[in-house]
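Engineer: Sequence unavailable; structure follows:
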């Protein structure tokens, strides 16, 4: 069993900052890419940022220059530092990880339960 547990969401005023964390645990052999998606009410889930094990990053245009993704491979954790937050960043944020597990010997995408981020104007 693998679990991804997110933390760090909340209510913040426009222009403020938040840091999201997501820790993976369980029968993990290795983790490849990790990342963050978000889903606003009435909208589809969209990519925010991804990071490979070798720390190559990719950002949605809406996140470039304001958000920073990072990871701690030793602790199987991915972070999303969000600055200059806007009301349109309001959404449920989900982390994901591409994980190789035992005893299955397979690689699958796993998702966190989501954490609410609300930005007030």
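Structural biologist: Nice, thanks for sending it over. Quick caveat: nothing in here was measured; it's all calculated off a predicted structure.
Engineer: Next, count neighbours for residue 39.
Structural biologist: Using other CB atoms under 10 Å, residue 39 is surrounded by 14 other residues. For the C-beta atoms, the positions are set from N, CA and C on the backbone; glycine is no exception.
Engineer: Kindly state the pLDDT recorded for it?
Structural biologist: Reading off the confidence values, residue 39 has pLDDT 98.
Engineer: Identify the residues contacting it.
Structural biologist: 45-46, 91-92, 94, 114 (CB atoms under 8 Å, 6 or more residues apart in numbering).
Engineer: Show me the two of the residues you listed that sit farthest apart.
Structural biologist: Spanning the widest gap among the contacts of residue 39 are 46 and 114, at 13.5 Å by CB to CB.
Engineer: Among these two, which residue is more densely surrounded?
Structural biologist: More crowded of residue 46 and residue 114, by other CB under 10 Å: residue 114, with 17 against 13.
Engineer: Now the more buried one: closest residue in space, sequence neighbours ignored.
Structural biologist: residue 92 (4.3 Å; CB to CB, 6 or more residues apart in numbering).
Engineer: Any buried residues in stretch 19-32, and which?
Structural biologist: 20-24, 31 (16 or more other CB atoms under 10 Å).
Engineer: what does stretch 52-59 give?
Structural biologist: Applying 16+ other CB under 10 Å to stretch 52-59 flags residue 59 as buried.
Engineer: what does stretch 1-9 give?
Structural biologist: Those buried within stretch 1-9 under the rule 16+ other CB under 10 Å are 2, 4, 6, 8-9.
Engineer: do stretch 96-111 as well
Structural biologist: Buried residues in stretch 96-111 (16+ other CB under 10 Å): 96-99, 101, 110.
Engineer: Restricted to strands, list the residues you listed.
Structural biologist: 96-99, 101, 110 (DSSP state E).
Engineer: With adjacent residues omitted, what lies nearest to residue 2?
Structural biologist: Leaving aside its chain neighbours, residue 2 sits nearest to residue 26 (3.8 Å; criterion: CB to CB, 6+ apart).
Engineer: State the pLDDT value of that neighbour.
Structural biologist: On the pLDDT scale, residue 26 gets 94.
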